[in-house]
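Q: sequence first, predicted model second:
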Amino acid sequence: MSEDSDREDGAGIPGGGEQPSAPAPEAPRRRISPKSPRQAIQPERAPPMPARSKRARHPLVVVLNFFLMAFVVVVLGVGAALYFGKSRFVAPGPLAETTNVLVARGADLPSIAQLLKRQNVIDSELLFSAAVRAYKQEGRLKAGEYEFKPGVSMREVMDTLVSGRSILHSFTVAEGLTSLQVVDRLRANDILVGDIDEVPPEGSLLPETYKFTRGTTRQELLNRMKRDHEKAAKEIWARRSPDLPIDNFRDFITLASIVEKETGRADERPRVAAVFINRLKKNMRLQSDPTIIYGLFGGKGKPADRPILKSDLTRETPYNTYTVAGLPPTPIANPGREAMEAVANPSRTDELYFVADGTGGHVFASSLDEHNRNVARWRKIEEARQAAIEAAGGKAAPVDQIAVDGVGDQPGVPAAKPD
């Protein structure tokens, strides 16, 4: 057989001369029925949802899914609340003008928040209270009177209440006031509260400007004046001049009170103190007008329209240093630091007299003759002043001669008004 016959009988057919199987018949195609135009635009029915697995339908899975969703919602809600709450807490508040707020002692957080809201310092009691608790500051809010500026934030309000930076008020005790006069001024102050147990001894209060918060009691402030006086006076007394002819603390305060009343000029106090100390050394009477006034009127003080009369100079009182030798039995006022310093360390001088110079100061003299000339000069100045006032149509008021005057061997009568 030829090669061509072999190729025709089995070439390319695996397994020899087997013939390939016939192709499978095609499945019959679904006949598409023609639709009307109306049917063509109708939506076809969606295919059915796949059946849920038995695990997804389990009650425990359903409950867990619910709580998971709820947790997510809560977390998102809390986060949003914290964000907006904090933003509002530090944002400028509604206050339009500076306002003082008094937080009473013992006030709790809800009452403080209500007070701040009522005075328009904050705009949300709930947010303020919640934030204070969140910052753990509830127990640290302090009572007091606070000043809040316009637009103050709730955060700044909280910080201020925690700091206790209350408004400080001032009470000034002027040098030379008596203890009764200080007590009267304390009682007239409407920021202080409470009453005073008793008028303290003369010369036991320190003239000073005292700072205090609203609600401070009058007795508390008075006690501060006593403590400050004792501290200052003892410090000054401890560094006194070694040749001071005063050997006890009580007399030191008494003489300082006289110096305080004699002159209001700080530069003169050491010289005035020296005059009195020199007179004590020479056993001369002090002859100080302020002691006469205290003996007549006590702690109330002399009425402004009441001059010193000549008859007052001989009135018998324990405080009349024209008739009584040495120092009076008690101080006649509350001396300041400068008056005490002046007595503890007086000027080095031999002066024994002084008299007003007509300008608010004094002229000093070591001899009686010089002093009498100074007195005559002062009387001319006073007469001219009185004449000028009367010429202007006014009524001249006599001016007290708060000074030591002298005539002859003893200090003499000051420029007192005749009876």
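A: Done, it's in. Numbers count the residues shown, from 1 in each chain.
Q: from here on, contacts and neighbour counts on C-alpha atoms
A: Fine.
Q: can I see the domain layout of the protein?
A: 99-163, 168-347 (automatic domain parsing).
Q: and the longest one, end to end?
A: Between the opening and closing residues of domain 168-347 we find a distance of 39 Å, counting by Cα to Cα, to the nearest Å.
Q: tell me which of the domains of the chain sits most buried.
A: Highest mean neighbour count of those: domain 168-347, a mean of 19 (counted as mean count of other Cα atoms under 10 Å).
Q: now that one, how far from the centre of its chain.
A: With Cα atoms, centre = their mean, to the nearest Å as the basis, domain 168-347 stands 29 Å off its chain's centre.
Q: right, and L116 touches I122 too?
A: Yes: assessed by Cα atoms under 8 Å, L116 is found in contact with I122 at 5.8 Å.
Q: any weak-confidence spans in the protein?
A: 1-44, 46, 49-58, 61-63, 65-66, 76-83, 85, 394-419 (pLDDT under 70).
Q: show me the strands in it, by range?
A: Secondary structure of the chain, counting by DSSP state E: strands at 99-103, 144-148, 169-172, 209-212, 353-356, 362-365.
Q: switch the ones you listed over to CSV; also include distance to P242.
A: Listed next are these as CSV, based on distance: least, Cα to Cα, whole Å:
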stretch, distance to P242
strand 99-103, 53
strand 144-148, 48
strand 169-172, 33
strand 209-212, 31
strand 353-356, 23
strand 362-365, 24
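Q: please name the nearest non-neighbouring residue to N120.
A: The shortest distance from N120 to any residue other than its chain neighbours is 5.7 Å, reached at L95 (Cα to Cα, 6 or more residues apart in numbering).
Q: pretty sure that neighbour is touching V157, no?
A: No: with contact defined as Cα under 8 Å, L95 does not count as touching V157 (11.3 Å).
Q: once you drop chain neighbours, what's closest to A266?
A: E338 (6.8 Å).
Q: which residues touch the spatially most central residue of the chain?
A: The chain has L168 as the residue nearest its centroid, 2.5 Å off, counting by Cα atoms, centre = their mean. Applying Cα atoms under 8 Å, 6 or more residues apart in numbering to L168 gives the contacts 211-214.
Q: same question, F67
A: Taking Cα under 8 Å, 6+ apart, one finds nothing in contact with F67.
Q: for P331, same thing?
A: Counting by Cα under 8 Å, 6+ apart, P331 touches 202-203, 251, 253-258.
Q: nearest to V193, of those?
A: E202 (23.2 Å; Cα to Cα).
Q: my guess is the closest one meets I332, correct?
A: Yes: counting by Cα under 8 Å, I332 is a contact partner of E202 at 6.5 Å.
Q: okay, and the common contacts of those two?
A: T178.
Q: please enumerate the helices of the stretch 151-300 of the chain.
A: Remark: helices assigned in the stretch 151-300 of the chain by DSSP state H, counting those that start in this stretch are 154-163, 179-188, 218-238, 249-262, 269-281, 289-297.
Q: on that earlier part again, what's the closest of the domains of the chain to S366?
A: Going by Cα to Cα, the one of the domains of the chain nearest S366 is domain 168-347, 8.9 Å.
Q: quick one: contacts for the closest residue to R214 other than its chain neighbours?
A: Counting by Cα to Cα, 6+ apart, I191 is the residue found nearest to R214 once chain neighbours are left out, at 5.5 Å. Listed by Cα under 8 Å, 6+ apart, the contact partners of I191 are 214-216.
Q: how close does I191 get to P150?
A: Distance, I191 to P150, using Cα to Cα: 24 Å.
Q: over to the nearest residue to A274 once chain neighbours are set aside: give its phi and psi.
A: Once flanking residues are discounted, A274 sits nearest to P346: 5.1 Å by Cα to Cα, 6+ apart. P346 adopts backbone torsions of phi -70, psi 170, taken as degrees, to the nearest 10.
Q: let the chain start at 841 from now.
A: Will do, 841 is the new start, and the previous item becomes P1186.
Q: residues contacting P1186?
A: Residues in contact with P1186 (Cα under 8 Å, 6+ apart) are 1110-1111, 1113-1114.
Q: could you redo the last one with a cut-off of 6 Å?
A: 1110, 1113-1114 (Cα atoms under 6 Å, 6 or more residues apart in numbering).
Q: out of those, which one sits closest to P1082?
A: Using Cα to Cα, the contacts of P1186 come closest to P1082 at A1114, 14.1 Å.
Q: that older thread, quick one: which of the contacts of L1008 is nearest D1197?
A: Nearest member of the contacts of L1008 to D1197, counting by Cα to Cα, is K1051, at 37.3 Å.
Q: so that closest one touches V1013, yeah?
A: No: at 11.5 Å, K1051 and V1013 do not qualify as touching, with contact defined as Cα atoms under 6 Å.
Q: any residues in contact with both of those two?
A: Counting by Cα under 6 Å, 6+ apart, nothing touches both K1051 and V1013.
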